[in-house]
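**Q** got a predicted structure here, sequence first:
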Amino acid sequence: MDMTSNHASPVLTEPAPMNKSRLGIHSAILPYSQPGASFPPSKYIPIPRKKSGKFDDVWSNGWLDAMKSSSPPRKKIKDFDAEFASDDDTDVAYSSWVLKHPSALGSLEQITSYARNKKIAVFLDYDGTLSPIVDDPDCALMSNTMRFAVRNVAKYFPTAIISGRKREKVFDLVGLTELYYAGSHGMDIVGPVSQTVLNSHPNCTRSTDHQGKDVNLFQPAREFLPMIDEVFGTLVEKTKDIRGAKVENHKFCAAVHYRNVHEKNWPTIAQCVHDVLKDHPRLRLTHGRKVLEIRPVFDWNKGKAVEFLLESLGLNASEDVLPIYIGDDRTDEDAFKVLRERNQGYGILVSSVPKETNAFYSLRDPPEVMEFLMGLVGSRKVEKNT
């Protein structure tokens with residue numbers, strides 16, 4: 001979406017329409033047949049429309065609808081059932097959805113069988129994937145057993161964390177030097193040294209990591225740093241009197257969390273962000289789970305970050321590579337879509353409720369993610385010993 005045009009009001013960016021084809025999935029390893037009832041869209045977003053003169057801007061742009069629809073209950077299936085459906089209906093809906101997006105755990109044998117003799121590359125989101133979603137983002141800590149599992153994965157496969165958080169913050173939370181890190185939805189990447197990449201990407205420079213090891217630092221949207229800093233300060237000031245609001249500077253994007261804000265104050269949050277964006281046509285709005293994110297109008301996302309890291313690893317043009325991307329949020333859909341369009345690799349959505357997604361496989365929660373990662377490592381150990 002081009003925000004440089006003369007629209008009076010900024011518009012919420014939505015994911016591209018999902019490709020319903022099964023690109024990138026090899027029919028020989030499909031663990032389930034294709035037919036199956038789809039999850040009725042009405043079960044996702046039964047949101048009544050209202051208008052209030054004070055907040056006409058955010059109603060007319062659909063921001064409040066999007067804030068509600070992107071904020072599903074967190075691990076509260078009973079609440080979900082009470083609001084949308086009976087227990088039986090929810091079970092049927094999820095079972096139908098899993099026919100379209102099979103459990104990666106239940107399909108582990110098929111996945112590892114296809115991965116035999118291939119170079120696996122693992123890409124992981126952080127929040128909701130390696131750690132639980134919690135009320136305070138600063139308390140989203142991964143368990144020691146999850147850290148052990150991720151460290152083991154990195155011993156066998158090149159592994160990267162791709163998060164919407166600030167890259168330095170993700171490193172502090174994960175604390176593993178064996179990984180590559182991409183923050184700000186892939187706009188701030190530390191990857192392996194590659195002279196080819198250095199020569200072909202103007203915003204890629206040679207740097208050092210936390211251990212003093214040579215790395216490539218890629219920041220394609222570097223010119224936006226002063227603008228993001230300015231917007232962050234403005235948002236902090238505008239939201240300081242809204243109880244529960246939290247604004248974070250993720251370096252190349254600013255995030256306004258409303259998880260702890262009473263729903264009656266969501267229009268005020270949305271209007272604050274709207275008013276800031278009106279003065280910054282080179283910035284756009286995206287949304288995740290109870291968070292509004294202000295990002296540059298720049299053609300870059302987690303999918304492009306995956307492609308950049310594969311290129312840096314020398315795997316971008318390889319036919320025997322199997323990228324696996326695991327994530328739980330809307331911003332991860334760009335990576336799922338890239339893997340489908342490459343006709344190569346698997347996207348795995350972490351969700352305990354049905355969602356529209358470009359991912360092929362699914363996992364319910366971080367504990368299942370950990371179990372899947374351990375299974376992936378176990379299969380490669382067996383392969384190396386045979």
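**A** That came in fine, so what should we check first? If you're wondering where the values come from, they're calculated on a predicted model, not measured in any experiment. Numbers count the residues shown, from 1 in each chain.
**Q** so for stretch 99-117, what gets flagged as buried?
**A** For stretch 99-117, burial by neighbour count (16 or more other CB atoms under 10 Å) applies to 100-105, 107-108, 110-112, 115. Where you see a C-beta, it was placed from the backbone N, CA and C, and this is true even at glycine.
**Q** over to stretch 369-381?
**A** Neighbour-count burial for stretch 369-381 [16+ other CB under 10 Å]: 369-370, 372-377, 379-380.
**Q** how about stretch 339-359?
**A** 339-340, 342, 344-355, 357-359.
**Q** what mean pLDDT does that stretch get?
**A** Mean pLDDT, computed over stretch 339-359, is 95.
**Q** can you measure across that stretch, start residue to end residue?
**A** End-to-end distance for stretch 339-359: 9 Å, by CA to CA, to the nearest Å.
**Q** now that stretch: how far from the chain's centre is it?
**A** Chain-centre distance of stretch 339-359: 11 Å, with CA atoms, centre = their mean, to the nearest Å.
**Q** go on, stretch 262-279?
**A** 23 Å.
**Q** got the buried residues for that stretch?
**A** 266-277.
**Q** so what sits opposite the closest residue in space to K169 that isn't next to it in sequence in the bridge?
**A** Closest residue to K169 apart from its sequence neighbours, by CB to CB, 6 or more residues apart in numbering: G183 at 7.3 Å. Taking DSSP bridges, one finds D188 as the beta-bridge partners of G183.
**Q** and G183, what pLDDT?
**A** For G183, the model assigns a pLDDT of 97.
**Q** looking at it, it is touching A160, isn't it?
**A** No. Between G183 and A160 there is no contact under CB atoms under 8 Å: 11.0 Å.
**Q** which residues sit in contact with D188?
**A** 166-167, 182, 218-219, 251-252 (CB atoms under 8 Å, 6 or more residues apart in numbering).
**Q** which stretch of helix or strand covers the closest residue to K118 other than its chain neighbours?
**A** Computed as CB to CB, 6+ apart, the closest residue to K118 that is not its neighbour in sequence is L322, at 4.5 Å. Counting by DSSP states H and E, the element that carries L322 is strand 321-327.
**Q** buried sites along that strand?
**A** Under 16+ other CB under 10 Å, the buried positions of strand 321-327 are 321-327.
**Q** how close does Y325 get to Y181?
**A** Distance, Y325 to Y181, using CB to CB, to the nearest Å: 15 Å.
**Q** in this structure, which spans are strands?
**A** With DSSP state E as the criterion, the chain has strands at 119-124, 159-162, 180-183, 188-191, 204-208, 214-218, 246-249, 254-257, 283-288, 291-296, 321-327, 346-350, 361-363.
**Q** what's the average pLDDT for the longest helix along the chain?
**A** Identified as the longest helix of the chain according to DSSP state H is helix 366-384. Averaging pLDDT along helix 366-384 yields 95.
**Q** can you give me the pLDDT of P137?
**A** 84.
**Q** okay, now it: neighbour count?
**A** Counted with other CB atoms under 10 Å, the neighbours of P137 add up to 18.
**Q** so it sits against K246, correct?
**A** Yes. If you go by CB under 8 Å, P137 and K246 touch, sitting 7.2 Å apart.
**Q** which residues do the two both contact?
**A** The contact lists of P137 and K246 share H257, where a contact means CB under 8 Å, 6+ apart.
**Q** okay, stretch 322-333 in CSV with CA atoms only?
**A** Provided in CSV are the C-alpha atoms of stretch 322-333 (Å, rounded to 0.1, in the frame of the first residue of the first chain):
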residue,chain,number,x,y,z
LEU,A,322,13.9,-27.4,3.2
PRO,A,323,13.1,-24.1,5.1
ILE,A,324,10.7,-24.5,8.0
TYR,A,325,9.1,-21.4,9.5
ILE,A,326,7.1,-21.5,12.8
GLY,A,327,5.1,-18.5,13.9
ASP,A,328,1.7,-17.5,15.4
ASP,A,329,0.9,-14.0,14.3
ARG,A,330,-0.4,-12.2,11.2
THR,A,331,3.1,-10.8,10.4
ASP,A,332,4.3,-14.4,10.0
GLU,A,333,1.9,-14.9,7.1
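**Q** what's the spacing between D279 and L292?
**A** 16 Å.
**Q** sorry, that was for Y126
**A** Applying CB to CB, the value for Y126 to L292 is 19 Å.
**Q** the two: who's more crowded?
**A** Remark: of Y126 and L292, L292 carries more neighbours, 27 against 22, as counted by other CB under 10 Å.
**Q** which residue, other than its chain neighbours, is closest to the more buried one?
**A** V256 (4.5 Å).
**Q** what's the answer for H185, then?
**A** Nearest to H185 is G164, by CB to CB, 6+ apart, at 5.0 Å.
**Q** pLDDT wise, what is that neighbour at?
**A** Per the predicted model, pLDDT is 94 at G164.
**Q** that one against H287, yeah?
**A** No. Using CB under 8 Å, G164 makes no contact with H287, being 11.0 Å away.
**Q** helices - which of the contacts of D188 land there?
**A** R167.
**Q** farthest-separated two in the contacts of D188?
**A** Spatially, the most separated pair among these is K166 and F218, at 15.3 Å (CB to CB).
**Q** between these two, who's got more neighbours?
**A** F218 (25 against 19).
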